[in-house]
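> just coords:
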């Protein structure tokens, strides 16, 4: 019995002309964008991934499926050497996601059309070091938070600038009690407090979303947050009283109106 060379059924790749290859590459990128949109990613995130792919494509001067790990070594080690670490990490992640898309969905199609086996050029050797993922943070015990809050509250009377100090104290306590975002706290005003809604009252928070369309949400004043707000909002105060000759209005606004900011800067 002798061995014979078995010729492949398809001896040549299906796509030969540069135009056909370019059209096939464009179809892959379009399907990648659609798949990422189907996964629920924001348009800005998808656009950022596409920008990275087009940047690497322009630097390499050829289809991305021909990109080898040695090519990516030169890209990150020479061309992108002076960029910030997290920027390089984000670009490497965009490339890895696109190559995973090609390997999972179109490995056989690309090999049949071009004659190339797709291999991700981002490996454990040349992957930029760093992490864009949030690290797990263990919150301190409730007793430690209460002790910190009590000490801060006791020092309010001795503050040189009472109104900003009370504002900062109230904002930090709200962040720990009901969990608003920093952007929502910076836009909070006294008129956003709705004492009559629900059992404890509610506060209207704005800040999530684009500048043109801020999303709003009503958050109940639970976990003692109502008592903290009563310290700076009009009405009966609980706990700390303001010093004489210092109106409540100076301590209730969490942001400075633009007109006042412009006047101050002038």
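In hand now; what should we look at? Keep in mind it's a predicted model, so treat the numbers as computed, not measured.
> List the buried residues of stretch 139-156.
Under the neighbour-count criterion of 16 or more other CB atoms under 10 Å, stretch 139-156 has 149, 153, 156 buried. In this view, the C-beta of every residue, glycine as well, is placed from N, C-alpha and C.
> ok, now stretch 112-130?
Applying a neighbour-count criterion of 16+ other CB under 10 Å, one finds 113, 114, 118, 120, 121, 122, 126, 127, 128 buried in stretch 112-130.
> Going by distance to residue 185, which of the buried residues of stretch 139-156 wins?
residue 149 (16.3 Å; CB to CB).
> Skipping adjacent residues, who's closest to the closest one in space?
Of all residues beyond its chain neighbours, the one nearest residue 149 is residue 173 (6.2 Å), with distances taken as CB to CB, 6 or more residues apart in numbering.
> can you pull the contacts of that neighbour?
Neighbour list for residue 173: 149, 225, 228 [criterion: CB atoms under 8 Å, 6 or more residues apart in numbering].
> State the next helix or strand along the chain beyond the helix or strand containing residue 91.
Element membership for residue 91 (DSSP states H and E) is helix 85-114. Next helix or strand after helix 85-114 toward the C-terminus (DSSP H and E): helix 142-154.
> Reformat the contacts of residue 173 as TSV; add pLDDT and distance to residue 108.
Below are these laid out as TSV (pLDDT from 0 to 100; distance: CB to CB, whole Å):
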residue	pLDDT	distance to residue 108
149	86	61
225	83	58
228	79	62
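> sorry, back to before: can you add distance to residue 27 and give the buried residues of stretch 139-156 back as TSV?
Listed next are the buried residues of stretch 139-156 as TSV, based on distance: CB to CB, whole Å:
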residue	distance to residue 27
149	59
153	63
156	64
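> what about the residue nearest to residue 149, which helix or strand?
Assigned by DSSP H and E, residue 173 falls in helix 162-177.
> returning to that earlier point: what's the mean pLDDT across the helix holding residue 91?
For helix 85-114, mean pLDDT is 91.
> same question, stretch 36-53
For stretch 36-53, the mean confidence score works out to 93.
> For that stretch, which residues meet the burial criterion?
With burial defined by 16+ other CB under 10 Å, the residues of stretch 36-53 counted as buried are 36, 46, 49, 50, 52, 53.
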